[in-house]
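Visitor: heads up, no residue letters with this:
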């Protein structure tokens, strides 16, 4: 299918998107184009009695960078929390969250 080829071309990871793209939602444009193309193809194929167009699926979204995946962040967070617990620091979970995600703020 033509739409699968366009999905395959959208393999850039989210870490390549700049902060301006996050603010303006310009990273959504390729997804909107895929959805519009699928809707047009579905209506042309079915004629006047067209069923609702297919929705976008998880397979249509770009892959997350390895550092942004839940497993990587969970492992790093648990490491920080364990470090604060071993040192007897107060509020190890809050300190671990701050240490782990401070660079994102």
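Guide: Received the coordinates, thanks. Please read these numbers as outputs of a predicted model, since none were measured by experiment.
Visitor: just for this structure, where's the confidence low?
Guide: Filtered on pLDDT under 70, the chain yields the residue ranges 1-19, 21-22, 46-54, 104-105.
Visitor: repeat that with 90
Guide: For the chain, residues meeting the criterion pLDDT under 90 lie at 1-70, 72-73, 100-105.
Visitor: where exactly do the helices run in it?
Guide: Remark: helices of the chain, listed N- to C-terminal, are 2-8, 19-24, 29-46, 70-86, 92-101; assignment by DSSP state H.
Visitor: any idea which of the ones you listed is most buried?
Guide: Comparing these on average neighbours per residue, with mean count of other CB atoms under 10 Å, the densest one is helix 92-101 at a mean of 15. Backbone N, C-alpha and C define where each C-beta goes, glycine included.
Visitor: helices or strands up against that helix?
Guide: Helices and strands touching helix 92-101, by 3 or more CB pairs under 8 Å, 6 or more residues apart in numbering; DSSP states H and E, are helix 70-86.
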